[in-house]
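Asker: next comes the sequence, and after it the predicted model I'd like to discuss.
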Amino acid sequence: MRGGGTVAVVGGSIAGCAFAAAAARAGADRVVVLERTRGQLADRSVGLCIHDDRAAELTAAGALPGGIAAHRLTRRRWVVRDGATAAGKLFWEQPFPFHSYHWGLLWRGLREATPASVVYRQGAAVAGVTVPSGTGDEARPEVTLTDGTAERHDLVIGADGYRSVVREAVSTGSRPRYAGYVCWRGNFDARLLDGLGEDVWPSDAVTTVCFPGGSCVVYRIPGPAGTRVNWVLYAVPPQDGALRFDDPTSFPPGHLTPGLAEGLAELLDRAFPPYWGRLLALTAPEDTFVQPIYDLEVPRTAAGRVLLAGDAATVVRPHNTSGVAKALQDATAFGAAWRSAASWDDLVAEYGAARGPAGRELVALARRLGRAQVEETPDWTAMDPGRAEVWWQEVLAGAADIGGQSLTGGRL
């Protein structure tokens with residue numbers, strides 16, 4: 001498709017920046033990012049990982065800029081409380097070819113790599129998108145902002161996350177479904193590890209602490225002021241009649257309910273090897289938060305001249321470690337569709353055909369991982385390397401690995 005036209009990207013986080021850059025480089029006349037928040041997104045300090053193979057593909061495609069701080073990981077160690085050692089029993093170690101990132105630093109790198117022609121408007125909250133019928137100018141979707149103003153564009157991209165407003169215009173009534181458990185998340189300065197008095201955790205290792213009814217992943221990430229420890233703990237939350245998770249929600253840092261805070265402390269004391277319980281307890285309350293786990297697969301990722309990207313398109317449980325890679329792959333597929341399409345309709349159709357099936361496969365794999373590591377956990381104490389490998393392959397069910405699929409399939 002030749003250049004031209006105006007593109008609106010709703011949402012200015014990682015997926016939004018990636019799509020805005022892809023549209024600008026493809027030749028759009030004007031690209032505007034509509035970001036509802038006014039603060040600095042770079043302040044978000046959670047950790048994430050990208051598979052080395054996915055990172056190489058995305059770097060080659062221009063979707064992942066170079067020079068962004070990353071921490072190399074090579075192995076994943078699985079441990080369980082054994083009552084005898086402070087660090088628990090190590091029952092399996094598997095390869096883990098990933099690099100970890102600080103969300104804010106990754107976002108900043110993507111934002112700085114966005115072409116200067118892109119207009120990034122903060123405080124522009126979108127109330128809804130209308131997909132008209134017709135052809136030509138009459139087919140241009142309309143974006144309505146919460147201040148009542150409206151604007152039309154040749155293409156609208158919904159990159160506004162798991163609570164997407166744009167999704168309703170593409171797949172009416174599609175809402176994320178609560179999986180029945182949550183993840184507690186936190187991070188802290190890695191220098192605090194010195195106070196634990198033990199050196200049982202190699203810097204290139206991800207540790208998965210296993211317990212009945214859940215698991216916790218712990219790994220190091222780069223930070224603005226040095227290395228940090230990042231952890232994600234999956235479990236069913238304590239029974240509390242005041243907690244409602246049916247609608248997508250979260251408890252931001254420093255805003256845990258007393259029940260959630262007490263439930264975490266009780267779980268660490270009861271189920272964790274002492275070393276790892278003490279490690280998580282180093283996290284300050286203002287750096288601890290809770291995310292209920294949701295997932296969603298929509299019947300279509302595009303309608304008219306509106307398409308969905310990242311978590312707006314599919315909500316994948318974090319167990320798959322594929323969220324950022326998927327968002328950047330979505331943007332890469334969008335750029336490829338732009339180059340090969342003859343019209344806006346062709347662009348939308350090609351993008352949907354490429355990314356719809358990929359998103360659904362990721363949702364299915366993450367559900368299997370969630371069942372295996374939270375909802376229907378095995379007897380972790382009976383695990384050894386052989387049993388663990390068989391269990392893992394059964395969970396993958398033919399998938400090559402976690403971290404997302406390869407982009408190499410002939411279309412990109």
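Answerer: Sure, I can see it.
Asker: and the residue lying closest to E198 once chain neighbours are set aside, what pLDDT?
Answerer: The shortest distance from E198 to any residue other than its chain neighbours is 6.0 Å, reached at Y275 (Cβ to Cβ, 6 or more residues apart in numbering). (Glycine included, C-beta is placed from N, CA and C.) The predicted local distance difference test score for Y275 is 96.
Asker: and the one 3 residues further on, by the same measure?
Answerer: Turning to R278, the model gives it a pLDDT of 96.
Asker: check which helix or strand it maps to.
Answerer: Per DSSP states H and E: R278 is located in helix 274-280.
Asker: starting at the chain centroid, how far to that helix?
Answerer: In terms of Cα atoms, centre = their mean, to the nearest Å, the centre of helix 274-280 is found 26 Å from the chain centre.
Asker: any buried residues in that helix, and which?
Answerer: When neighbours are counted by 16 or more other Cβ atoms under 10 Å, the buried residues of helix 274-280 are found to be 274-280.
Asker: as PDB, could you dump the C-alpha coordinates of it?
Answerer: In PDB, the C-alpha atoms belonging to helix 274-280 read as follows (Å, rounded to 0.1, in the frame of the first residue of the first chain):
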ATOM      1  CA  PRO A 274      12.600 -19.800  54.600                       C
ATOM      2  CA  TYR A 275      15.200 -18.100  52.300                       C
ATOM      3  CA  TRP A 276      12.700 -17.300  49.600                       C
ATOM      4  CA  GLY A 277      10.100 -16.100  52.100                       C
ATOM      5  CA  ARG A 278      12.600 -13.700  53.700                       C
ATOM      6  CA  LEU A 279      13.600 -12.600  50.200                       C
ATOM      7  CA  LEU A 280      10.100 -11.600  49.100                       C
END
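Asker: that one - contacts with which helices or strands?
Answerer: Using 3 or more Cβ pairs under 8 Å, 6 or more residues apart in numbering; DSSP states H and E as the contact definition, the elements that helix 274-280 packs against are strand 214-221, strand 228-235, helix 258-271.
Asker: picking that back up, which of the buried residues of helix 274-280 sits closest to Y120?
Answerer: If you rank the buried residues of helix 274-280 by distance to Y120 using Cβ to Cβ, L280 comes first, at 36.5 Å.
Asker: these two touch, right, that closest one and W231?
Answerer: Yes: with contact taken as Cβ atoms under 8 Å, L280 and W231 are classed as touching, separated by 5.9 Å.
Asker: mutual contacts of the two, please.
Answerer: Each of 186, 216, 218 lies in contact with both L280 and W231 under the rule Cβ atoms under 8 Å, 6 or more residues apart in numbering.
Asker: how close does Q239 get to G263?
Answerer: Distance of Q239 to G263, computed by Cβ to Cβ, to the nearest Å: 9 Å.
Asker: more neighbours: these two, which one.
Answerer: Summary of the neighbour comparison: Q239 and G263, criterion other Cβ atoms under 10 Å, with G263 having more neighbours (21 against 8).
Asker: how close does the more buried one get to T146?
Answerer: With the distance defined as Cβ to Cβ, G263 ends up 36 Å from T146.
Asker: that older thread, make sure the residue nearest to E198 is actually in contact with L196.
Answerer: Yes: taking Cβ under 8 Å as the contact criterion, Y275 and L196 are neighbours in contact, 6.7 Å apart.
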